[in-house]
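S.K.: generate coordinates for the sequence data below:
(2 chains)
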Amino acid sequence: MRFITALTLASALLLSGAGLAGAQEKLLSERGDVAIDEEMKVDMFRPEKDSDLIPRDFQKQPPLIPHTVKGYNITQNFNKCMDCHSKERAEETGATLVAKSHYLDREANKLKNISPRRYFCMQCHVPQFDAKPLVENTYKPARREE
Amino acid sequence: MMRLDKYMPAWLKRIGLTSALLLFVAGIVFWGGFNWALEWTNREAFCISCHEMEENVFREYQNTIHYTNRTGVRATCPDCHVPKEWVPKIIRKIQASNEVFHKVLGTISTPEKFNAKRSQLSQNEWRRMKANDSQECRNCHNYDYMDYTEQGKRAAKQHPEAFVAGKTCIDCHKGIAHQLPAIDQHIGVQNEGAVVMSHGEEDEAEKPPAEGEGQN
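M.R.: The predicted structure is shown next:
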């Protein structure tokens, strides 16, 4: 019994020690050392140049946009992406066709045309910038189902 | 001393040399003044002194590359919307008197009214630019001097094809400086029945719709 008490005490001491050591180490947010009322230096990121198709990192990943989309508006009136990627235009423009899954409603019923829930392309498909990842990414995709 | 009269035509003798000189100077002043007034209306500040332009098209244009960019070279309203050549410029300026008339009528005096007319207004401008082979674009963007190696992949591929097909800038580059009206893109009930945007095809109706669907 006495042994257990001693062990608890020892571990408590150890833990608080670790806590103290942690407190001495300065914690930095992504904002760094800059006070909230100061302006911090902002990295300027540039969109990547047009490239070939970017391979997917995992199954069913929405393909990334391999070109700049500067000035591309998606409004109620006009969807700039669909100016090339729609079924009607893709052949002429050489753009990737909108996938079949985009013709399904939420109950998986096939629609005659692109589902309104897929209208905002850049909710899932994103363009690439030359920004470096803030933290290392150790993600590995699950094995492909056979 | 040689008599000047001998060389003067009859009409000049009739009005006298002084009057002729005065008329000549008056002509210069009048012509200069006319040109000055014409150019005075060819300024961005003049265009947006009218709230119809300031509240709608000018605000939209502020988000585009022709308003702000890396090097600060700008294309202001008249650079795109008023021809530089004298005769087309005068024709456009005379047509613009109709716009003054509608300003007085208040045809597009609110953003709602403007948007209701947007389709018609943009089609007028597309038609004009198509008819003059996008002359205002080409004042700066001359395709003889385009370096395709400096262009993006898609632009470098499509520009030569389009030029060979006899297309003009506005055929593809619509809505680059202002918002587009509702366009029927054949992607669903949204905007069904709205204007179909041509991409410079000879006849939109004859073009068969593309077949096939993507994977996944």
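
S.K.: give me the number of residues near B:Trp126?
M.R.: 17 (other CB atoms under 10 Å in any protein chain shown). For the C-beta atoms, the positions are set from N, CA and C on the backbone; glycine is no exception.

S.K.: list the buried ones in the helix or strand containing it?
M.R.: Assigned by DSSP states H and E, B:Trp126 falls within helix B:111-131. For helix B:111-131, the neighbour count (16 or more other CB atoms under 10 Å in any protein chain shown) marks B:Phe114, B:Asn115, B:Arg118, B:Ser119, B:Leu121, B:Ser122, B:Trp126, B:Arg128, B:Met129, B:Lys130 as buried.

S.K.: any idea how far chain A is from the fifth one?
M.R.: This means B:Leu121. Going from B:Leu121 to chain A by CB to the nearest CB, to the nearest Å gives 13 Å.

S.K.: so what's that residue up against?
M.R.: B:Ile108 (CB atoms under 8 Å, 6 or more residues apart in numbering or on different chains).

S.K.: same check, this time on the third one
M.R.: Residues in contact with B:Arg118, defined by CB under 8 Å, 6+ apart, are B:Gln179, B:Pro181.

S.K.: repeat the analysis, applying 10 Å as the threshold.
M.R.: Contacts for B:Arg118 were tallied using CB atoms under 10 Å, 6 or more residues apart in numbering or on different chains; they are A:Asn77, B:Asn56, B:Val57, B:Ile108, B:Pro111, B:His178, B:Gln179, B:Leu180, B:Pro181, B:Ala182.

S.K.: pLDDT and distance to B:Met197 for those residues - can I get that in TSV?
M.R.: What follows is those, written out as TSV (pLDDT from 0 to 100; distance: CB to CB, whole Å):
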residue	pLDDT	distance to B:Met197
A:Asn77	91	11
B:Asn56	91	20
B:Val57	93	18
B:Ile108	93	21
B:Pro111	93	22
B:His178	94	14
B:Gln179	92	13
B:Leu180	93	8
B:Pro181	94	9
B:Ala182	93	10
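
S.K.: now those as a markdown table including secondary structure?
M.R.: Formatted as a markdown table, those follow (DSSP: H, G, I helix; E, B strand; the rest coil):
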| residue | secondary structure |
| --- | --- |
| A:Asn77 | coil |
| B:Asn56 | helix |
| B:Val57 | helix |
| B:Ile108 | coil |
| B:Pro111 | helix |
| B:His178 | coil |
| B:Gln179 | coil |
| B:Leu180 | coil |
| B:Pro181 | coil |
| B:Ala182 | coil |
